[in-house]
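Visitor: need a 3D model of the sequence below.
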Amino acid sequence: MEKKQHVLFLCTGNSARSQMAEGLLREMAGDRFVAMSAGLEPREEVHPLAVEVMREVGIDIASQKPKPVDLYLGRVPVHYLIVVCDKAQASCPRIWPGLLDGRRFFWPLPDPADQSGTREEQLAGFRAVRDELRGQLQEWVKSVE
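Guide: Got it, this is the predicted structure:
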């Protein structure tokens with residue numbers, strides 16, 4: 001039996017983008033991958049609007065918690081590292097223990113938590129990022145088959 005490969009989604013706060021990506025991959029291909037997420041400066045909780053927009057598509061991330069990157073760095077095998085924000089890309093260690101060449105990806109996405117405006121406008125920002133992540137993950141999962 002083939003072992004599942006570990007995928008780590010990395011962001012700065014680990015409260016929205018990386019948490020949504022973790023939930024999406026788990027739902028999409030949890031039989032093939034162990035989905036994880038972490039942040040360079042993790043927040044206290046997953047953003048409530050991230051939880052809400054994921055629930056809209058039938059994925060519950062309410063029990064997920066922001067985690068520091070050092071929880072994984074050099075401690076957990078990471079087969080694929082997917083960085084989803086500019087700050088994490090600039091600050092993340094260039095050399096990740098055990099990560100093979102070509103298995104680090106950079107998917108820069110806007111931080112939906114920075115979306116201002118009405119609640120509906122903020123939700124629209126979170127939905128846009130969720131949908132972008134879903135599309136990128138669908139293509140990525142196909143490419144690593």
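Visitor: can you pull the contacts of the spatially closest residue to Ser116 that is not a sequence neighbour?
Guide: Nearest in space to Ser116, with sequence neighbours left out and distances taken as Cβ to Cβ, 6 or more residues apart in numbering, is Gln122 at 7.4 Å. Placement of C-beta: from N, CA and C, glycine included. Taking Cβ atoms under 8 Å, 6 or more residues apart in numbering as the criterion, Gln122 is in contact with Leu49, Pro112, Gln115, Ser116.
Visitor: derive a ChimeraX selection command for the buried subset of those residues.
Guide: A single ChimeraX command is used to select the members of those judged buried by 16 or more other Cβ atoms under 10 Å:
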select :49,112,115
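Visitor: just the contacts of Gln122: which are in helices?
Guide: Residues of these located in helices (DSSP state H): Leu49.
Visitor: go ahead and flag the most central residue of the protein.
Guide: Centrality entry for the chain: nearest residue to the mean C-alpha point is Ser18, 2.3 Å, by Cα atoms, centre = their mean.
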